[in-house]
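Participant: Please find the sequence and the predicted model below.
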Amino acid sequence: TIVCSQYIGQKNLKKATESARQLLLAVASISVLVMAVCLAFRTPLLRLVFGKVDAEVMDASKIYFLITSLSFPFIALYDAGASVYRAQGDSATPLRISVVANCLNITGNAVLIWVFHMGVAGAALATLGSRVFSAIVVLWLLRSPKNEIAVKDYPVARMDSTVDDYFGTRVEDPYRWMEDDNASETAAWVRAENEVTQHYLAQIPYRDKIRGRLTELWNYPKYDVPRKVGGYYFFFENDGLRNQSVLYRQQGLSGKPEPFLDPNTLSDQGTVALIDVSFSKDDRYLAYAAASAGSDWVEIRVMETATGRTLPDVIRWVKFSGAVWSGEGFYYSGYDEPDRAQLLSGQNRDQKVYYHRLGTPQDAHELVYSDPQHPLRYLSASVSRDGRMLFITATEGTSGTEILYKKLDPASAAPARASVSKGTTPGYGFKVLFPGFAYDYSLVYGRDGKAVFYTNDGASNGRLLQADLSGVTPVVTTLVPEGDCLMEGAVTAGGNLMV
């Protein structure tokens, strides 16, 4: 107990907890040994203490000593637990336990002796029961993470008999039940894990100093690169310690910045995260994608840039996608509405590219591209700067892409169904520009029937390719060859290409 108190004074809760565990283990071991000795030699011990007594008295003593000897480990564990509480400056908790236990002992004596006429055995059983109660309660309370010293075992994960057979090879999967993240058993196990983790972290004596120093270092204003949209400049700003940066709008270079979209207020609990924002080509609208509670599912909503009014358009069941503006609306990648039971655990299958015209409901969206023969592929859309070319990037994982393209209606920059022809994807009119999935290809920009792509195809350090798509057959040439240094990508700004 003294050692525990010293460690608490030093703010070393980890050592204090280890000392408490050692104390309980030592007390339990010694008390069990004492109990065993008393049980084995109870008659000689009683004769040594009381000498020669009447046979009736000796028989009663043997009964009482036999039963109360069984309580030695429990009273020892209670005393050890009470001392751990006192080391934390809490003497009230063990006192309350002792009061309740004594009341139980007195009540047990009255009931067992006067009601059931059990005599000495009744008195001994009441004593045993009160001591068992004291030990169980104090040990249970010591497990609470609210204590400075929490004596708690690591959560045990249940193992079941689940076995999969893969072509004759049996693979055990005893923790398959954890994959059901909606099950109460999984939630209980996660809570227990979190309690152990948080209690361990709370024992780090310099944790508050680290938190304070990091808070000090992070507490400064942060700004994103502004973007000119119509007569306004839009930029993200964080005044220091906000969970998410706020999107501000400022009229001209000398106007006063005003909050336009604050993602911290999208939910009362602050659990909605802003994933993506994009402006329409005519600068009239902003589309933002937001995810709730860390989910991959996002919802896309639309705001007017001039008024800040949120339109009724809401796009659901979107993953890994924002809004790609073109014409009277935007493209996005989404899925069919999932089964509610598998909302957060179901496999991502059959992603599709849709086109949404502003003011139309989601069930009226036009399906632009899907690939049912390859349901696990991820699909995303890109549009050339002049709105005349639509590109689909397909991927099967974290590397390797395939690029498809088609021409758009120049009048509306919206999708137009094309008849199936040789080299096109059935029903959608796309042609394969770069087949997958041995290399990475990413669109840098496209305009006037030409498109520039960054790739590692034939260039481990990266290079830029230019595809002339104005003719019947694409003509691909090297725009910027591979160099000795790694080319990580390319961007355009002010009519210039920067790599």
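Facilitator: That came through fine.
Participant: just checking, what packs against the longest helix anywhere in the chain?
Facilitator: Longest helix in the chain by number of residues (criterion: DSSP state H): helix 13-40. Packing partners of helix 13-40 (3 or more C-beta pairs under 8 Å, 6 or more residues apart in numbering; DSSP states H and E): helix 2-9, helix 55-69, helix 72-87. Every residue, glycine included, has its C-beta placed from N, CA and C.
Participant: The longest one versus helix 13-40: what angle between them?
Facilitator: Read it as helix 72-87. 160 degrees (axes from the mean of the first three to the mean of the last three C-alpha atoms, to 10 degrees).
Participant: now do the first one
Facilitator: If you take the same axes, to 10 degrees, helix 2-9 sits at 160 degrees to helix 13-40.
Participant: contact partners of helix 2-9?
Facilitator: 13, 15-16, 19-20, 23, 84, 87-88, 148-149 (C-beta atoms under 8 Å, 6 or more residues apart in numbering).
Participant: Kindly report the same for stretch 192-199.
Facilitator: Applying C-beta under 8 Å, 6+ apart, the external contacts of stretch 192-199 come out as 145, 150, 152, 154-155.
Participant: So for it, what gets flagged as buried?
Facilitator: Of the residues in stretch 192-199, 192, 195-196, 199 count as buried by neighbour count, 16 or more other C-beta atoms under 10 Å.
Participant: average pLDDT for that stretch?
Facilitator: Summarised as a single mean, pLDDT over stretch 192-199 is 84.
Participant: hey, C-alpha coordinates of that stretch in CSV?
Facilitator: Provided in CSV are the C-alpha atoms of stretch 192-199 (Å, rounded to 0.1, in the frame of the first residue of the first chain):
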residue,chain,number,x,y,z
ALA,A,192,-14.1,-3.2,-22.8
GLU,A,193,-11.1,-2.7,-25.1
ASN,A,194,-11.6,1.1,-25.0
GLU,A,195,-11.8,1.1,-21.2
VAL,A,196,-8.5,-0.8,-21.0
THR,A,197,-6.8,1.5,-23.6
GLN,A,198,-8.0,4.7,-22.0
HIS,A,199,-7.0,3.6,-18.5
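Participant: Taking the centroid of this structure, which residue is nearest it?
Facilitator: Gly294 (6.5 Å; C-alpha atoms, centre = their mean).
Participant: Which pLDDT value belongs to that residue?
Facilitator: In this model, Gly294 carries a pLDDT of 88.
Participant: dump the residue contacts of it.
Facilitator: Counting by C-beta under 8 Å, 6+ apart, Gly294 has contacts 271, 273.
Participant: Look at it and give its secondary structure.
Facilitator: What DSSP: H, G, I helix; E, B strand; the rest coil gives for Gly294 is coil.
Participant: and if you look at Asp457?
Facilitator: coil.
Participant: Look up how far Phe391 lies from the closest residue to it other than its chain neighbours.
Facilitator: Once flanking residues are discounted, Asp457 sits nearest to Tyr439: 3.9 Å by C-beta to C-beta, 6 or more residues apart in numbering. Distance, Tyr439 to Phe391, by C-beta to C-beta, to the nearest Å: 16 Å.
Participant: okay, those two: which has more neighbours?
Facilitator: More crowded of Tyr439 and Phe391, by other C-beta atoms under 10 Å: Phe391, with 23 against 16.
Participant: For the more buried one, list the residues it contacts.
Facilitator: Phe391 neighbours (C-beta under 8 Å, 6+ apart): 381-384, 403-405, 433, 443, 446, 451.
Participant: which of those residues count as buried?
Facilitator: Neighbour-count burial (16+ other C-beta under 10 Å) applied to these gives 381-384, 403-405, 433, 443, 446, 451.
Participant: so can I have CSV of the helices and strands packed on helix 13-40 showing distance to Ile106?
Facilitator: Converted to CSV, the helices and strands packed on helix 13-40 look like this (distance: least, C-beta to C-beta, whole Å):
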stretch, distance to Ile106
helix 2-9, 32
helix 55-69, 16
helix 72-87, 17
